[in-house]
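> Provided below for reference: sequence and predicted model.
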Amino acid sequence: MLIKLAVLGVALAWDRLLGEPPTRIHPVVGMGKVTDAAMSSGISGNPQRDRFTGAALAVGLPLAVLAATSLAERGLGKLGTVASIIGGAFLLKSTFAIRSMDDEVTAVSDALKEGDVEEARASLSRIVSRDTAGYRDDQVASAAISSVSENVTDSAVGPLLMYGLFGLPGAMTYRAINTLDTMVGYQDHRRHFGEASARLDDVVNLVPARVSGGIVVAAAAASGMDAKNAARTMIDEHERTPSPNGGWPIGAAAGALGVEVEKLGEYSLGPAGVRPDHADVDRSLKLFKRAALIGAAVAAGLIVAKR
């Protein structure tokens, strides 16, 4: 138990002080390279074949990551306590990105503060997959809030919760599933290939997304924001997003901030017509970081409870 808690603490400190590991040794970057290679050779344009190869990847990559992490954890254990903590922290850190999200969204907010909408769009394009050309400043702010809120689950609470429940193999496998969805789960030429990955990610996030929504409500209360409205908006409007999971943390954030959070052409949550600005982006980041800390505390509590 103490080693697991130490791994969690060191991983959080690593994220805060050092940020992301170098690209050449980053485990998630490695997962991305495998996925890229699979897409290059696996997408044929034949729906039936693409579904089959995509399903094989959706199952195969997470299982490979699960096996590799289990072996790595066992090997680190044989090297001693220090190796277990440092090596484990490196692996766990790779599954979440609190500082990275903070840095990327802060760049959007800073550009909006300076009135440089073009730079704000460019910064936004690094954290969202949609085309940001032509976005007004309020639309940039809304998209940034939507992204940082949804990432409460994907980049913070989800992997931390999985670590608390299932240890390093659980956190790494969760990240593999999420990485696949992020890279292939789109309604374009990848739609058949990515179908299994998208569905698996939906299933795996059924619990983490709802927990994340609740944690955003708690973070709102701890930050002096409107927690009551966060809970109400989350419960009433979470079904507006195409994803069965994204609406929980996004709805909670929209309610806490008291602004309309939208993805153009897809959904709108929160009070219609109350457009966000750079100050609301900053507040959403405050919610994100507070929620991540609460998520880490929940993970620690799960580790202790499982003793």
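That came through, no problem.
> neighbours around residue 177, how many?
Using other Cβ atoms under 10 Å, residue 177 has 23 neighbouring residues. The C-beta positions use only the backbone N, C-alpha and C, and glycine is treated the same way.
> so where's the stretch 201-307 of the chain uncertain?
Within the stretch 201-307 of the chain, not a single segment meets pLDDT under 70.
> try 90
Low-confidence segments of the stretch 201-307 of the chain (pLDDT under 90): 263-266, 273, 306-307.
> and residue 45, that's in a helix?
No. Per DSSP: H, G, I helix; E, B strand; the rest coil, residue 45 lies outside any helix segment and is coil.
> distance check, the spatially closest residue to it that is not a sequence neighbour against residue 39.
Nearest residue to residue 45, sequence neighbours excluded (Cβ to Cβ, 6 or more residues apart in numbering): residue 189, at 7.7 Å. Applying Cβ to Cβ, to the nearest Å, the value for residue 189 to residue 39 is 10 Å.
> looking at those two, which one has more neighbours?
Shown here are residue 189 and residue 39; by other Cβ under 10 Å, residue 39 has more neighbours (19 against 12).
> need the mean per-residue confidence for the helix or strand hosting that one.
Using DSSP states H and E, residue 39 maps to helix 27-42. Helix 27-42 shows a mean pLDDT of 91.
> now do the buried residues in that helix.
Within helix 27-42, the residues scored as buried using 16 or more other Cβ atoms under 10 Å are 27-28, 30-32, 34-35, 38-39, 42.
> tabulate the CA atom coordinates of that helix in CSV.
Taking C-alpha atoms only, helix 27-42 is exported to CSV below (Å, rounded to 0.1, in the frame of the first residue of the first chain):
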residue,chain,number,x,y,z
PRO,A,27,4.7,5.3,-23.3
VAL,A,28,1.6,7.0,-24.7
VAL,A,29,3.5,8.3,-27.6
GLY,A,30,4.5,4.7,-28.3
MET,A,31,0.9,3.7,-28.2
GLY,A,32,0.2,6.4,-30.7
LYS,A,33,2.9,5.1,-33.1
VAL,A,34,1.4,1.6,-32.9
THR,A,35,-2.0,3.0,-33.7
ASP,A,36,-0.7,5.1,-36.6
ALA,A,37,1.0,2.1,-38.1
ALA,A,38,-2.2,0.0,-37.7
MET,A,39,-4.2,2.7,-39.4
SER,A,40,-1.8,3.0,-42.3
SER,A,41,-1.9,-0.7,-43.0
GLY,A,42,-5.4,-1.5,-41.7
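> tell me what it is packed against?
Other elements packing on helix 27-42 under the criterion 3 or more Cβ pairs under 8 Å, 6 or more residues apart in numbering; DSSP states H and E are helix 47-79, helix 158-184.
> picking up where we left off before, would you turn the buried residues of helix 27-42 into TSV with distance to residue 292?
Below are these laid out as TSV (distance: Cβ to Cβ, whole Å):
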residue	distance to residue 292
27	20
28	17
30	24
31	22
32	22
34	27
35	25
38	31
39	31
42	34
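> in three-state terms, how would the spatially most central residue of the chain be classified?
The C-alpha lying nearest the average C-alpha coordinate of the chain belongs to residue 154 (Cα atoms, centre = their mean; 2.0 Å). Look at residue 154: counting by three-state DSSP, its state is helix.
> contacts only, for the closest residue to it other than its chain neighbours.
Once flanking residues are discounted, residue 154 sits nearest to residue 178: 5.5 Å by Cβ to Cβ, 6+ apart. Taking Cβ atoms under 8 Å, 6 or more residues apart in numbering, we find residue 178 in contact with 154, 158, 201, 204-205.
> good, wrapping up.
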